[in-house]
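Q: Sharing a model that was predicted from the sequence below.
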Amino acid sequence: MEIFDAFHLARMQFAFTVSFHIVFPAISIGMASFLAVLEWRWLSTGDHVFKTLFLFWSKIFAIGFGMGVISGVVMAYEFGTNWSGFSRVAGNITGPLLTYEVLTAFFLEAGFLGVMLFGWQRVGPRAHFFATLMVAAGTLISTFWILASNSFMQTPQGFALENGLIVPVDWFKIVFNPSFPYRLAHMTIAAFIVAGFIVAACGAWHLLKGRRDKAVKISFSMGLWILLLLAPIQILVGDAHGLNTREYQPAKIAAIEGLWETEKGGTSLNLVGLPDMDAEQTRYALQVPHLGSVILTHSWDGEIRGLKEFPAQDRPYSPIIFWSFRVMVGLGMLMLLTAVLGLLLRKAGRLYEARWFQWLVLLMGPSGLVALLAGWITTEVGRQPWTVYGVLRTVDSVSPIGSQQVGVSLLILVVVYVLVFGMGAYYMMKLMRRGPSLESEHVDDPEYPGLSNRALSQSFR
């Protein structure tokens, strides 16, 4: 079958590995900045509960950081083994960008990570806080370069084609390509939302179990404040990103909306439906007249190009991104609702007593990660059939390898990833189930094993 040829197996392998990889860096990005806020609160207030929370959440961060590094190394090898065509044609752009990420971000994170995790008794409070800030900055700088590289693949600018190779002409245009600012903001906020929901859900779990200590309440409260602040901003950024995508990747927008015909005088929005690539229609569509124009052009009668205006070989696969986009948007609306309900309960003085709301927050805990994955599926599948949009096709990017080689490596990766990253996720869940220590009065005691700078393995007993 065609789906089991080397090309499709290589795509499945990369989709599998990147889906695992993106989860852990997202946790690290959001959690690193959250840790910086916790340590700042401890230094500014002197309240040891913030240091207790820092030490607790730093263990979650450490696991996520380690898992992200491991999964990232595998993806780097895949570029050489499965996608040598892409590396050969676009390596003059992606190679330097990823090198900049290592030089400016990874070394910064690695250099200060040990101080942040194990340096409490070896450096002063201000020096330790500086190390925490550097780790947080490193995660954001890493996000900058990775998104610059990926955004160039979405909206390439500042290059020339010479002998079939993409060569840089203007690095400023390459890095700050048209989609980069929107995608950087969207991804960074998404990572913060991921961390906010994890923190809030952990607090909700312990509130449901009867804990009412200050550490649990602060976790629950801070997580909800993060969501209340960022969920509305993320919706606005997503809207701006959609306008940018309509301008530079109109076929992607048409596929996301399951729109086949260009409607004059106003475009309807397909709320739900089943896009059919062969029949060139969206079956069982539930439409709202003019709403597509309002959302995607900010006008009543704005025109959006339908998929039929693009050659069949240039169309993204609508059935996947039609629904992945709706999963992302639907969860985004639920996130906003959760944050607003939290604000209303806070004002009513019932935030820590409303068990129904705590169950809601607990169930919404994974929603940030699910929405993140749905968004990346929408972005990456929507770029197809191009690796570098409009320049290099995916079918021309694959290595000249056999399907058996790719299939065997895919099976091995599935087994290894499930074991390794399943174990990492298990330890993270175990830590969160235990929750922050109740004995915050020992937080500055280097001999206290629950909170000292000893090996993280003590936390897994």
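A: All right, it came through fine.

Q: Point out where the stretch 1-150 of the chain drops to low pLDDT.
A: Within the stretch 1-150 of the chain, the ranges that satisfy pLDDT under 70 run 1-3.

Q: Let me see the ranges of the helices in it.
A: Here the stretch 1-150 of the chain has its helices, by DSSP state H, counting those that start in this stretch, at 6-45, 48-81, 84-101, 107-118, 125-154.

Q: For the longest one, list every residue counted as buried.
A: Read it as helix 6-45. Buried residues in helix 6-45, counted by 16 or more other C-beta atoms under 10 Å: 6-7, 9-11, 13-14, 17-18, 20-39, 41-42. (Glycine included, C-beta is placed from N, CA and C.)

Q: Could you do the last one as well?
A: Along helix 125-154, the positions that meet the burial threshold by neighbour count (16+ other C-beta under 10 Å) are 128-129, 131-139, 141-154.

Q: which helices and strands does the strand or helix carrying Met429 pack with?
A: Here Met429, judged by DSSP states H and E, is contained in helix 403-434. When contacts are defined as 3 or more C-beta pairs under 8 Å, 6 or more residues apart in numbering; DSSP states H and E, helix 403-434 sits against helix 6-45, helix 48-81, helix 180-208.

Q: buried sites along the second one?
A: Of the residues in helix 48-81, those scored as buried under the neighbour-count criterion (16+ other C-beta under 10 Å) are 48-65, 67-72, 74, 78-79.

Q: which residues touch Arg212?
A: Applying C-beta atoms under 8 Å, 6 or more residues apart in numbering to Arg212 gives the contacts Tyr352.

Q: wait, Gln384
A: Pro316, Tyr317, Thr394.

Q: Out of the residues you listed, which end up buried?
A: In terms of neighbour count (16+ other C-beta under 10 Å), the buried residues within the contacts of Gln384 are Pro316, Thr394.

Q: how about a markdown table for the contacts of Gln384, with pLDDT, distance to Ser219 and secondary structure added?
A: Putting these into a markdown table (pLDDT from 0 to 100; distance: C-beta to C-beta, whole Å; DSSP: H, G, I helix; E, B strand; the rest coil) gives the following:
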| residue | pLDDT | distance to Ser219 | secondary structure |
| --- | --- | --- | --- |
| Pro316 | 91 | 40 | coil |
| Tyr317 | 92 | 41 | coil |
| Thr394 | 90 | 43 | helix |
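
Q: and of the contacts of Gln384, the nearest to Gln404?
A: Thr394 (20.8 Å; C-beta to C-beta).

Q: tell me the contacts of the closest residue to the closest one other than its chain neighbours?
A: Distances taken as C-beta to C-beta, 6 or more residues apart in numbering put Thr387 closest to Thr394, at 4.9 Å, once the chain neighbours are dropped. Going by C-beta under 8 Å, 6+ apart, Thr387 touches Trp83, Phe86, Ala90, Met153, Arg393, Thr394, Asp396, Ser397.

Q: Now tabulate those residues in a markdown table and tack on distance to Gln249.
A: Below are those laid out as a markdown table (distance: C-beta to C-beta, whole Å):
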| residue | distance to Gln249 |
| --- | --- |
| Trp83 | 21 |
| Phe86 | 19 |
| Ala90 | 18 |
| Met153 | 11 |
| Arg393 | 15 |
| Thr394 | 15 |
| Asp396 | 19 |
| Ser397 | 18 |
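
Q: which SS class is the residue nearest to Leu307 when sequence neighbours are not counted?
A: With sequence-adjacent residues excluded and distances taken as C-beta to C-beta, 6+ apart, Leu307 is closest to Ala254, at 4.5 Å. Following DSSP: H, G, I helix; E, B strand; the rest coil, the label given to Ala254 is helix.

Q: and Ala254, how many neighbours?
A: 26 (other C-beta atoms under 10 Å).

Q: Quick check: it vs Asn82, distance?
A: Applying C-beta to C-beta, to the nearest Å, the value for Ala254 to Asn82 is 29 Å.

Q: can you check Thr45 too?
A: Here Thr45 is placed at a distance of 51 Å from Asn82 (C-beta to C-beta).

Q: What of Phe106?
A: Phe106 is 23 Å from Asn82, by C-beta to C-beta.

Q: give me every residue that touches Asp301.
A: Gly265, Gly266, His290, Ser293.

Q: what do you get if the cut-off is 10 Å, keeping everything else the same?
A: With contact set as C-beta atoms under 10 Å, 6 or more residues apart in numbering, Asp301 has these partners: Glu263, Lys264, Gly265, Gly266, Thr267, His290, Ser293, Val294.
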